[in-house]
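[1] Sequence plus the predicted model coming up.
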Amino acid sequence: MYVVIGANGYLGRYCIKNILKHSQDHIVATYAHGDKPAFSHPKVEWMKVDVCDNDALDRLNQYMDAQSKCIYLAAYHHPDKVEENPALAWNINIVALAEAVNRLNKLSCLYYVSTDTVYGEGSNKRRFLESDACQPVNLYGKHKVLAEQIVLTAGMNVVRFPFIFGPSLVEGKPHFFDHIKADLESGNTVEMFSDSYRSTLSFDQCAFYLISLIEKFGSCSEKIINIAGDDIMSKYDAAIALADAHQLDKSLIKPISVHQSNEIFKAKRATSSVLDNQKLKKLLNLNEIHFKA
């Protein structure tokens, strides 16, 4: 059995897609608020679980068995919102996670999904190793560092993802990718940062590599794993790749500098965060990993 906590987000829905494609397991997919998601499949059971509700966590634990494989995606994750609502973010990102790790004791493995923001400011000339020191530049990154320590102390796994760029599978909730694609299809100009670099992958690729790790190893002996591509890309590069893949006019995409972003973001962002993926390649016997738009 797979248990995907926070399954109705962008990455969660791609995790469901890849589990269905690459595993025979039943899936318990949790969502926190609103009506049950519209997506339906005979092997997918939706369960309403607010991770801040200990009774709900206990009910989920009773439903699981010792062979359950858990992917933990629940988070208060927008850096600007974390800065605006630090108490709420702390309760979701730290307190609720600690309770979940303590209460969900019927597991064969748990993979906590983290991000490249834990590393902080880097350079496109050097890739961050999993062993590098974490020096996040905003509160969201600091939450992720502490959350990782909770998970690692419990003997569970952490995967760190790069900038993820791809179409949404969530009904009525388009992603940044979808908005850019729609603008280009309508002939609208799109501005994208050209001087900030990350190891970009699609949602589908990230979910595929995560499920591949779980299917192959269960609880992996490598406790922290960067899931990232070989390509060092700016958001401008990613948008150009989108345009090329969908035969859209890439001349509509205009490069801008991160130094022009003072009015866009409230929380500080690292200008470059490039990840080393050699450990992932070795574990999954891969030679190359390239972004697919």
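    Done, it's in.
[2] tell me the contacts of the nearest residue to N138 once chain neighbours are set aside?
    Using Cβ to Cβ, 6 or more residues apart in numbering and skipping residues adjacent in sequence, the residue nearest N138 is A267, 4.3 Å away. Every C-beta, even on glycine, is put in place using the N, C-alpha and C of the backbone. Going by Cβ atoms under 8 Å, 6 or more residues apart in numbering, A267 touches P79, D80, V82, E83, N138, L139, Y140.
[3] Was I right to think W90 contacts K142?
    No. With contact defined as Cβ atoms under 8 Å, W90 does not count as touching K142 (10.2 Å).
[4] Looking at those two, which has the bigger crowd around it?
    Taking other Cβ atoms under 10 Å, W90 and K142 do not tie; K142 has more neighbours (19 against 16).
[5] tell me, which strand in this protein spans the most residues?
    The longest strand of the chain (DSSP state E) is strand 109-115.
[6] and the helix or strand just after that strand, how far out from the chain's middle?
    Counting by DSSP states H and E, the next helix or strand C-terminal to strand 109-115 is helix 139-153. Centroid displacement of helix 139-153 relative to its chain, using Cα atoms, centre = their mean, to the nearest Å, is 14 Å.
[7] Remind me what helix 139-153 packs against, helices and strands.
    helix 79-84, helix 86-90, helix 96-103, strand 109-115, strand 157-161 (3 or more Cβ pairs under 8 Å, 6 or more residues apart in numbering; DSSP states H and E).
[8] Need the CA coordinates for the third one. CSV is fine.
    Listed in CSV are the C-alpha atoms of helix 96-103, where the atom choice follows Å, rounded to 0.1, in the frame of the first residue of the first chain:
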residue,chain,number,x,y,z
ALA,A,96,2.2,18.5,12.4
LEU,A,97,5.1,16.7,10.8
ALA,A,98,6.6,15.8,14.1
GLU,A,99,3.2,14.4,15.2
ALA,A,100,2.8,12.5,11.9
VAL,A,101,6.3,10.9,12.2
ASN,A,102,5.4,9.9,15.8
ARG,A,103,1.9,8.6,15.1
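[9] Buried residues, it. List them.
    For helix 96-103, burial by neighbour count (16 or more other Cβ atoms under 10 Å) applies to A96, L97, A98, E99, A100, V101.
[10] Mind giving me the packing neighbours of that helix?
    Where contact means 3+ Cβ pairs under 8 Å, 6+ apart, helix 96-103 is packed against helix 54-63, helix 139-153.
[11] hmm, back to that, take the buried residues of helix 96-103 and write them to a markdown table, including distance to L284.
    Below are the buried residues of helix 96-103 laid out as a markdown table (distance: Cβ to Cβ, whole Å):
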| residue | distance to L284 |
| --- | --- |
| A96 | 31 |
| L97 | 27 |
| A98 | 30 |
| E99 | 32 |
| A100 | 27 |
| V101 | 26 |
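[12] pLDDT and distance to S199 added to the residues you listed, as JSON lines?
    Shown next, in JSON lines, are the buried residues of helix 96-103 (pLDDT from 0 to 100; distance: Cβ to Cβ, whole Å):
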{"residue": "A96", "pLDDT": "98", "distance to S199": "28"}
{"residue": "L97", "pLDDT": "98", "distance to S199": "25"}
{"residue": "A98", "pLDDT": "98", "distance to S199": "29"}
{"residue": "E99", "pLDDT": "98", "distance to S199": "32"}
{"residue": "A100", "pLDDT": "98", "distance to S199": "28"}
{"residue": "V101", "pLDDT": "97", "distance to S199": "28"}
